[in-house]
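**Q** build me a structure from this.
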Amino acid sequence: MARAQLSIPGLAEMKARGEQIVMVTAYDFPTGRMADRAGVDVVLVGDSGAQVVLGYDSTVGVTMDEMIVLASAVRRGVTEALVVCDVPFGSTELSDEQAVATAIRFVKEAGADAVKIEGATPQRLSRIRAITAAGIPVVAHIGLTPQTATALGGLRAQGRTAATAERVVTEALAVEEAGAVAVVAEAVPSEVTELVVPRLQIPVIGIGAGPADGQVLVLHDLLGITEGRVAKFVKRFASIGDDAVTAIQSYAAEVRAGSFPAADHQYHADADVVAAASAALTGGRGER
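**A** Residues are numbered from 1 along each chain as shown. Got it, this is the predicted structure:
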């Protein structure tokens with residue numbers, strides 16, 4: 001039985017009812033489809049796709065056109081969940097007008113329900129207001145903001161000192177005032193998140209921020225596809241990456257041994273068909 005499609009106002013309604021919001025980050029049709037089939041509430045097309053599926057060293061290099069391709073693929077796989085798209089670095093920095101144009105592309109070309117913007121500087125708050133005024137919902141992102149991690153001293157938790165904890169709280173209040181419909185809090189101490197959640201009317205979605213109104217993880221991380229070290233806040237719910245490598249190794253071994261394809265994996269023709277094909281080959285050689 002299909003569930004009712006969630007709306008943007010439905011996010012705040014879930015918070016009011018005390019219902020946890022489930023968000024996952026996906027980057028293509030099959031992962032978007034899997035997330036939707038699993039019944040998540042929101043699928044985020046993150047600019048982390050730059051690293052996870054495109055092989056960049058950081059999120060900074062991904063282009064707007066590349067994000068549109070990823071977002072469009074996810075949208076085609078998602079029919080029930082909300083689809084939120086990250087605006088890539090460089091696509092909103094120049095002006096409010098550029099930010100609105102970027103958001104419009106995500107809505108018109110990729111079918112996004114909302115866009116996500118990192119940061120809460122005066123510039124970023126202006127972008128949130130401008131995009132919201134254009135009728136496009138915005139999800140904010142505070143705490144660790146990967147696009148500007150260099151300015152934060154690297155990919156590290158935010159809010160662990162008095163000054164940075166005050167900044168996180170101030171930013172949370174500011175993005176709500178600017179019109180954000182939800183806010184992602186990344187790599188923030190649980191105690192700081194606990195202070196913020198009851199102060200906001202909009203939901204707080206945590207990632208490495210302890211209990212909140214909901215949680216988000218990258219699908220590849222929770223499925224165990226990502227190689228190497230993962231962040232402290234990641235829990236692997238499966239080991240699909242290792243299973244996939246083992247399966248490919250088995251396939252390669254059977255090909256090299258000549259045991260694949262077996263008869264069950266082949267198409268077969270009747271004798272008269274084979275005879276006709278053989279005659280065609282013989283005739284072709286005769287003409288040469």
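
**Q** rest of the way, CA atoms for contacts and neighbours
**A** Will do.

**Q** got a list of contacts for stretch 92-110?
**A** 68-69, 71-72, 75, 85, 87, 91, 112-115, 126-127, 130-131, 134, 136 (C-alpha atoms under 8 Å, 6 or more residues apart in numbering).

**Q** ok now the host helix or strand of residue 274, how far from the chain's centre?
**A** Using DSSP states H and E, residue 274 falls within helix 271-287. Relative to its chain's centre, helix 271-287 lies at 54 Å (C-alpha atoms, centre = their mean, to the nearest Å).

**Q** one step back: please pick the buried ones from the contacts of stretch 92-110.
**A** 68, 71-72, 75, 85, 87, 91, 112-115, 126-127, 130-131, 136 (16 or more other C-alpha atoms under 10 Å).

**Q** in helices, which of the residues you listed fall?
**A** Judged by DSSP state H, helices contain the following of the buried ones among the contacts of stretch 92-110: 68, 71-72, 75, 126-127, 130-131.

**Q** which two in the residues you listed are spaced the farthest apart?
**A** The two members of these with the most space between them (C-alpha to C-alpha) are 75 and 126, at 27.7 Å.

**Q** residue 160 and residue 191 touch, don't they?
**A** No. Assessed by C-alpha atoms under 8 Å, residue 160 is found out of contact with residue 191, at 9.8 Å.

**Q** next one: stretch 168-188 to chain centre, how far?
**A** 19 Å.

**Q** tell me the mean pLDDT over it?
**A** Per-residue pLDDT values over stretch 168-188 give a mean of 96.

**Q** how about that stretch as CSV, C-alpha atoms only?
**A** Coordinates of each C-alpha in stretch 168-188 appear next as CSV, following Å, rounded to 0.1, in the frame of the first residue of the first chain:
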residue,chain,number,x,y,z
VAL,A,168,25.7,27.4,16.1
VAL,A,169,22.7,28.4,18.3
THR,A,170,22.7,31.9,16.7
GLU,A,171,22.8,30.4,13.2
ALA,A,172,19.9,28.1,13.9
LEU,A,173,17.7,30.9,15.0
ALA,A,174,18.8,33.1,12.1
VAL,A,175,18.1,30.5,9.3
GLU,A,176,14.6,30.0,10.7
GLU,A,177,14.0,33.7,10.8
ALA,A,178,15.2,33.9,7.2
GLY,A,179,12.6,31.5,6.1
ALA,A,180,14.2,28.0,6.0
VAL,A,181,11.7,25.1,6.2
ALA,A,182,14.2,22.9,8.0
VAL,A,183,17.9,22.9,9.0
VAL,A,184,20.6,20.2,8.8
ALA,A,185,23.0,20.4,11.8
GLU,A,186,26.2,18.6,11.1
ALA,A,187,28.9,17.5,13.6
VAL,A,188,27.5,19.4,16.5
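
**Q** list the buried residues in it.
**A** 168-169, 171-176, 178-188.

**Q** and for that stretch, what's in contact with it?
**A** By C-alpha under 8 Å, 6+ apart, stretch 168-188 touches 8-9, 11-12, 120, 125-126, 128-129, 132, 137-145, 156-160, 192-193, 195-196, 199-210.

**Q** any idea how far residue 62 is from the closest residue to residue 46 other than its chain neighbours?
**A** The shortest distance from residue 46 to any non-neighbouring residue, by C-alpha to C-alpha, 6 or more residues apart in numbering, is to residue 86 (5.1 Å). Distance, residue 86 to residue 62, by C-alpha to C-alpha, to the nearest Å: 11 Å.
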